[in-house]
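>>> what's the 3D shape of this:
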Amino acid sequence: MYYDYRAGKERIDGILDSELTVIENNRLPKSDSLTFDNSYLSWVSAIFIDIRDSTKLMALDDQEYVAKVVRCFTSELIEILRNEDTLREIGIRGDCVYAIYTTPQKNDVDDVFNLAVWCNTYLKMLNATLRERNLDELKAGIGLATGHDHIVKAGRKGVDINAHVWMGDAVSTASKLSFWGQKNGRQRIWMSSCFYSNIIDCEVEINQDAKSWFTKSTVEPYGSYSCDVVKTDMNAWINEGMS
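Model (predicted):
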């Protein structure tokens, strides 16, 4: 392998000297609108679902069990998260499933919260199924955040190796908050204060007691909110034995 550093110097000079159009648009367009010559400032919301104690899980001797559990975890969460027109990116990072949505309106952010509730209830179903088979339950954290983020296409122009880079609060905060779900007895769903402020009015319109579902953290992560909201019909079906 030889790296042509002289050509590399010319490429970085070209990038630094080029014109970059920064487009401010509340609604982030589809991915094919993002090029190496532009970037977007848009309101987006992110959800990260992260397995707790994954290092211990991955080190188990029964690797067939590990593979099946990880596949159950990822496949159904992706099935839930992919069914939104506002979806702009979805993927797997190690033991974490994540998705990013364009959310210019409060009801769009609330739709992401609704997805988190489905995911939370699904994880209860997965654990109930594992218990039926005398297998260890799975712990996971769900992190949610929203922000006015800067999105840029990064990688190597002319080569099919590129990705979107999300610069701002939504993605990084959601990722960090997922770390706290089900950690030391805490609730599974954690959200930033900005995310909470965008959804609470929507939730109160549906249920006047909605504010009682959420707990504001007075310890780390400070100022964020947690809850363990579930889909009632599905949760009742789980509790009744899933038959």
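>>> Which stretches in this protein count as helices?
5-17, 54-58, 63-81, 106-132, 170-178, 193-206, 232-239 (DSSP state H).
>>> most packed of these?
Among these, helix 170-178 has the highest mean neighbour count (mean count of other Cβ atoms under 10 Å), at a mean of 24. Placement of C-beta: from N, CA and C, glycine included.
>>> ok, back up a step: using TSV, lay out the helices of the chain together with distance to residue 222 and mean pLDDT.
Formatted as TSV, the helices of the chain follow (distance: least, Cβ to Cβ, whole Å; pLDDT from 0 to 100):
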stretch	distance to residue 222	mean pLDDT
helix 5-17	38	82
helix 54-58	25	68
helix 63-81	28	88
helix 106-132	21	95
helix 170-178	12	96
helix 193-206	9	97
helix 232-239	30	95
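>>> TSV for those helices, including distance to residue 158?
Converted to TSV, the helices of the chain look like this (distance: least, Cβ to Cβ, whole Å):
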stretch	distance to residue 158
helix 5-17	10
helix 54-58	37
helix 63-81	30
helix 106-132	35
helix 170-178	26
helix 193-206	38
helix 232-239	48
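>>> so which of those comes closest to residue 162?
helix 5-17 (13.2 Å; Cβ to Cβ).
>>> before we move on, the earlier item: out of the helices of the chain, which comes closest to residue 213?
Closest among these, using Cβ to Cβ: helix 193-206, at 7.6 Å.
>>> Give me the distance from that closest one to the chain's centre.
18 Å (Cα atoms, centre = their mean, to the nearest Å).
>>> same check, this time on stretch 102-113
With Cα atoms, centre = their mean, you get 13 Å for stretch 102-113.
>>> Stretch 74-83 now?
Distance of stretch 74-83 from its chain centroid, counting by Cα atoms, centre = their mean, is 11 Å.
>>> Please point out which parts of stretch 130-147 sit buried.
For stretch 130-147, the neighbour count (16 or more other Cβ atoms under 10 Å) marks 130, 138-147 as buried.
>>> Point me to the residue sitting closest to the centre of this structure.
residue 47 (2.1 Å; Cα atoms, centre = their mean).
>>> List the neighbouring strands of the top strand by length along the chain plus their orientation.
In the chain, assigned by DSSP state E, the strand with the most residues is strand 140-156. Counting by DSSP bridges, the strands paired with strand 140-156 are strand 38-51 (antiparallel), strand 161-167 (antiparallel), strand 189-191 (parallel).
>>> Send over stretch 20-39 as PDB, restricted to the C-alpha atoms.
What follows is stretch 20-39, C-alpha atoms only, in PDB (Å, rounded to 0.1, in the frame of the first residue of the first chain):
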ATOM      1  CA  LEU A  20     -19.700  25.200   0.600                       C
ATOM      2  CA  THR A  21     -23.400  26.200   0.600                       C
ATOM      3  CA  VAL A  22     -25.000  25.900   4.100                       C
ATOM      4  CA  ILE A  23     -28.700  25.500   3.600                       C
ATOM      5  CA  GLU A  24     -30.900  26.300   6.700                       C
ATOM      6  CA  ASN A  25     -34.100  24.300   6.300                       C
ATOM      7  CA  ASN A  26     -36.300  23.200   9.200                       C
ATOM      8  CA  ARG A  27     -37.200  20.000   7.400                       C
ATOM      9  CA  LEU A  28     -34.100  17.900   6.400                       C
ATOM     10  CA  PRO A  29     -34.600  16.600   2.800                       C
ATOM     11  CA  LYS A  30     -33.900  13.100   1.600                       C
ATOM     12  CA  SER A  31     -30.200  12.000   1.600                       C
ATOM     13  CA  ASP A  32     -29.700  12.500  -2.200                       C
ATOM     14  CA  SER A  33     -30.100  16.200  -1.700                       C
ATOM     15  CA  LEU A  34     -27.000  16.300   0.500                       C
ATOM     16  CA  THR A  35     -23.800  16.500  -1.600                       C
ATOM     17  CA  PHE A  36     -20.100  17.300  -1.100                       C
ATOM     18  CA  ASP A  37     -20.900  20.900  -2.000                       C
ATOM     19  CA  ASN A  38     -23.500  21.700   0.500                       C
ATOM     20  CA  SER A  39     -24.600  21.000   4.100                       C
END
